[in-house]
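In: the sequence and its predicted three-dimensional model are supplied below.
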Amino acid sequence: MTLRAILLDLGGPVLNEDAEYASWEAFLVAALLAEGREVTADGLRGAVQAEIAACNPNAHLAAVWRTLRPDLEAFRRVCDAFRRHGRTFLDDPQGVVVRPEARAVIPALAARYTLGIAANQPVSVLGRLEEAGLLQYFRWKDVSEGMRVAKPAPLFFQMILDGLGVRAEEAVMVGDRLDFDVYPAKLLGMKTVRVLVGPYAGQQPISPLHVPDRTVPTLRELLPALASLPERQDGR
């Protein structure tokens, strides 16, 4: 089966979100200290990384619960405040920038394949892509907020495939997360490429369906990785 379309995650491969994760860490350390718990930035970071390695989809909250358990009321307070902080950051995402390699690779990808955004993001992120001159290269331009469905739901991916008019076996999902990108895409029969950037580079596969077909360090290596994927001849 000929490869026709690329579904591309934004956070991680295209957008450097290190500033956002740093803001999360600083906020949670302060919130836990306010609850009277002894915690350091290094300690919290290690707990989060351990949860990420295990493919826990709620790694930061799991690390918070480790510190607060069994105090549910304190956990609720921190969680509610953390969600408010996250929304405030998204309103003004200082430090989140388009990676330089994305500016070069996305036009090259669009010259060969149909491109679709496949990202859990607010619709405001589309303006950032527009400013970078990259939104024009995508045929599917919607994100989770606009779709009313988010990863890792298989429906999220199916909606994009249907919108692009391609079958799952004709598409490749490119993202940084094994749990939100690789696993659900493989459930549908897509090929997958993992990009080892950001905090989720520490994830370890927890099942065969969490193992990507190819792994690249950045988007710079994506085109050769796509070319190396075997074409399926059986139509399955």
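Out: Received the coordinates, thanks.
In: from here on, just use CA atoms for contacts and neighbour counts.
Out: OK.
In: and the next helix or strand past the helix of greatest length in the chain?
Out: Secondary structure of the chain per DSSP state H: the longest helix is helix 72-91. Sequence-wise, the next helix or strand downstream of helix 72-91 (DSSP states H and E) is strand 97-98.
In: sheet partners, orientation included, of that next one?
Out: When pairing is defined by DSSP bridges, strand 97-98 lines up against strand 15-16 (antiparallel).
In: now the partner strand: mean pLDDT?
Out: Averaging pLDDT along strand 15-16 gives 96.
In: same question, stretch 153-169
Out: 98.
In: ok, back up a step: report the distance from the longest helix of the chain to the chain centre.
Out: Distance of helix 72-91 from its chain centroid, counting by Cα atoms, centre = their mean, to the nearest Å, is 20 Å.
In: buried set for it?
Out: Residues Ala74, Phe75, Val78, Cys79, Phe82, His85, Gly86 are the ones in helix 72-91 that count as buried (16 or more other Cα atoms under 10 Å).
In: how much space between the first one and Leu115?
Out: Counting by Cα to Cα, to the nearest Å, the gap from Ala74 to Leu115 is 44 Å.
In: before we move on, what about the last one?
Out: From Gly86 across to Leu115, the span is 28 Å (Cα to Cα).
In: sketch out the low-pLDDT regions of this structure for me.
Out: 1, 232-236 (pLDDT under 70).
In: domains for this protein, by residue range?
Out: Residue ranges for each domain of the chain read 5-16+98-227, 18-91, as given by automatic domain parsing.
In: can you give me the end-to-end distance of the last one?
Out: In this case it means domain 18-91. 16 Å.
In: ok, now the first one?
Out: Domain 5-16+98-227 has an end-to-end distance of 13 Å (Cα to Cα).
In: what are the boundaries of the helices in the protein?
Out: Under DSSP H, the chain gives helices at 18-34, 41-53, 59-68, 72-91, 100-110, 125-131, 144-147, 154-164, 183-188, 222-227.
In: deepest of the ones you listed, which one?
Out: helix 183-188 (a mean of 21; mean count of other Cα atoms under 10 Å).
In: gap between stretch 90-108 and the chain center?
Out: Here stretch 90-108 is found 14 Å from its chain centre; the criterion is Cα atoms, centre = their mean.
In: swap in stretch 184-200?
Out: 9 Å.
In: wait, what's in contact with the residue lying farthest from the centre of the chain?
Out: The outermost residue of the chain, judged against the average C-alpha position, is Gly36 (32.8 Å), by Cα atoms, centre = their mean. Residues near Gly36 by Cα atoms under 8 Å, 6 or more residues apart in numbering: none.
In: from Leu68, how far out is it?
Out: From Gly36 to Leu68 the distance is 10 Å (Cα to Cα).
In: what does Ala110 give?
Out: Taking Cα to Cα, one finds Ala110 at 47 Å from Leu68.
In: ok, Ser144 next?
Out: According to Cα to Cα, Ser144 and Leu68 sit 31 Å apart.
In: got it, and Val216?
Out: For Val216, the distance to Leu68 equals 37 Å [Cα to Cα].
In: cool, Gly43 as well?
Out: According to Cα to Cα, Gly43 stands 14 Å off from Leu68.
In: kindly report the same for Arg77.
Out: Distance from Arg77 to Leu68, by Cα to Cα: 11 Å.
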